[in-house]
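A.B. asks: Below are the sequence and a predicted model; questions follow.
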Amino acid sequence: MEASKPVITVLMPAYNAARYIAEAIESVLLQTFANFELLIVNDGSTDATVDVIKSFNDTRIVLINRNNGGVAKALNTGLEYARADYIARFDADDICHPKRLEIQYGFMGSNPDYHILGSAADYMDMAGNYVFNYQPPGHSNEQLQYLDYTLCPFIHSTVFYKKDEIIAAGGYDPNALGFEDHLLWRNILKKGKVFNLSQSLIKVRLNPESVTIDEKWCPREFRQIKYSALQKGTISEGQGNELYRIAREQYRPEIKEGAYYALLAKKFLWNNHQPIKARENLKEVLQVNRLDWRSYGLFMLSFLPAGLLLKLYNTIK
C-alpha cells in the first residue's frame, strides 16, 4: 500500500452547512484513528461553508467543489475521488464519537467478509441538545437480510463500507430523492454480510434546513413512488423527475420548519417521554400550520400516562 494512501476516506457532502460544519470537521479530526482523509464535497453552497472548511489547517482535509446537484451526485463524486478502500459516511451537521473510525475499522478488519457496517445513533436538535437514542431495525446479518423492504437498514451517516462494493452496485441513484441510500442498500444487501453495532457512534443533528423531512409531511404521491421503487429495486428517470417536482413544491422553509418541530414532538412522546417538551414543539408546528389536525391529536395524547401512551404507540405501529 502506498505510504500516502489513507486507510479510510471520511466522505462528507456539504450544502450550505456553515452553521454546523466546523463542529462536524472537528469531531473527525479528533478521531483516535488518524490514518484517514476527510473528503468534503461542496455541493454548490451559497453561504460561508467553503470559508469555514478552509479555516482548518489540516492536510487530511480534501475539498472538492461542484455545482449543486443534490446529495446523491455529491456522494458519487466523492466515491470517484476517494483514495481509500474504506468509506466512512458522515454528514456536515453531525458529530462523530472520538473512537468511531477505530471501532468500525477494527470490526471490518476482524470480519473481512462484511461489506457494510452501521451503528446506532443519538439524535439531537439543531442546538445540539439530546433528543433520543435510535437503534437500527436490525443488528445481525440475519436480521438485516430478512428486513422488510420498507425499513431502511442503516442510518446513512453511520455507515462504514468497502468502496468497491458500492461502486460495483452503481453508487447512489440521483432519481431516488431523499432515499438514495435506502435504494442502494436494497440492491446491495444480498451481495455480502452486513451488521449494525448497538453502540452509538455518531450524534445526528435534526434541523429544519435538512433536505430530508418526515415523509408524512409529503404528499401521498411521493410515498407511492418511493415504496414502489424500493419494492422493485429501481426507479425511472420519469419517477425521479416527479419526485423533484414534488420537492420543489414541498420543501419550502415553512414546511420544513413545521416538519422539524413535528418530528421533535413525536420523539418526545414515543422515544424519550417528555410531554412538556412535546407540547412546546407542537405549539411551534401550529404556528406554521394551524389546520394540522395531527398536531392537535398529538397534543391531546401528550396528557396520557407514559405507559398507556407507549402501549397505544406499539399497537398503532
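C.D. replies: Thanks, I have the structure now.
A.B. asks: can you pull the contacts of the most centrally placed residue in the chain?
C.D. replies: The residue lying closest to the centre of the chain (CA atoms, centre = their mean) is residue 156, at 4.3 Å. Counting by CB atoms under 8 Å, 6 or more residues apart in numbering, residue 156 touches 89, 91, 181. The way it works is simple: take the backbone N, C-alpha and C, and place the C-beta from them, glycine included.
A.B. asks: got those residues as TSV, with pLDDT and neighbour count columns?
C.D. replies: Shown next, in TSV, are those (pLDDT from 0 to 100; neighbours: other CB atoms under 10 Å):
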residue	pLDDT	neighbour count
89	98	24
91	96	22
181	97	22
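A.B. asks: Would you map the strands across the stretch 51-200 of the chain?
C.D. replies: 61-66, 86-89, 95-96, 114-124, 130-134, 160-162, 193-205 (DSSP state E, counting those that start in this stretch).
A.B. asks: buried set for the first one?
C.D. replies: Meaning strand 61-66. Judged by neighbour count using 16 or more other CB atoms under 10 Å, the buried positions of strand 61-66 are 61-62, 64.
A.B. asks: Could you single out the nearest of those to residue 84?
C.D. replies: Ranked by distance to residue 84 (CB to CB), the buried residues of strand 61-66 are led by residue 62 at 11.0 Å.
A.B. asks: helix, strand or coil for the residue nearest to the closest one when sequence neighbours are not counted?
C.D. replies: With CB to CB, 6 or more residues apart in numbering as the measure, residue 39 is the residue that lies nearest to residue 62, at 4.8 Å, once sequence neighbours are left out. Taken by DSSP: H, G, I helix; E, B strand; the rest coil, the conformation at residue 39 corresponds to strand.
A.B. asks: Name the member of the buried residues of strand 61-66 with the shortest distance to residue 124.
C.D. replies: Among the buried residues of strand 61-66, residue 61 lies closest to residue 124 (CB to CB), at 23.9 Å.
A.B. asks: neighbours around the spatially closest residue to the closest one that is not a sequence neighbour, how many?
C.D. replies: Leaving aside its sequence neighbours, residue 61 sits nearest to residue 38 (CB to CB, 6+ apart; 4.9 Å). Residues lying near residue 38 (other CB atoms under 10 Å) number 24.
A.B. asks: do you know how far residue 38 is from residue 288?
C.D. replies: 36 Å (CB to CB, to the nearest Å).
A.B. asks: cool, and residue 143?
C.D. replies: From residue 143 to residue 288 the distance is 38 Å (CB to CB).
A.B. asks: Which residue of the two possesses the greater neighbour count?
C.D. replies: Neighbours around residue 143 and residue 288, counted as other CB under 10 Å, are more numerous at residue 288. The numbers are 19 against 15.
A.B. asks: On the pLDDT front, check the more buried one for me.
C.D. replies: With respect to pLDDT, residue 288 has a value of 83.
A.B. asks: same thing with residue 284?
C.D. replies: Residue 284 is given a pLDDT of 93.
A.B. asks: residues touching it, list them.
C.D. replies: 257-258, 261.
A.B. asks: give me that answer again for 6 Å
C.D. replies: residue 261 (CB atoms under 6 Å, 6 or more residues apart in numbering).
A.B. asks: what do you get for residue 278?
C.D. replies: 265, 268-269, 302.
A.B. asks: sorry, back to before: and the gap between the residue nearest to residue 61 and residue 50?
C.D. replies: 14 Å.
A.B. asks: Likewise for residue 39?
C.D. replies: 14 Å.
A.B. asks: just to revisit the earlier point, can you tell me which of the contacts of residue 156 lies nearest to residue 207?
C.D. replies: For these, the nearest to residue 207 is residue 91 (10.6 Å; CB to CB).
A.B. asks: Tell me how many other residues crowd the nearest residue to the closest one once chain neighbours are set aside.
C.D. replies: Distances taken as CB to CB, 6+ apart put residue 157 closest to residue 91, at 4.3 Å, once the chain neighbours are dropped. Counted with other CB under 10 Å, the neighbours of residue 157 add up to 25.
A.B. asks: just residue 223 next, same as before
C.D. replies: Residue 223, neighbours per other CB under 10 Å, totals 12.
A.B. asks: which residues does the residue nearest to residue 23 when sequence neighbours are not counted bridge with?
C.D. replies: Nearest residue to residue 23 in three dimensions, chain neighbours excluded: residue 95, at 6.1 Å (CB to CB, 6+ apart). Under the criterion DSSP bridges, residue 95 forms beta bridges with residue 203.
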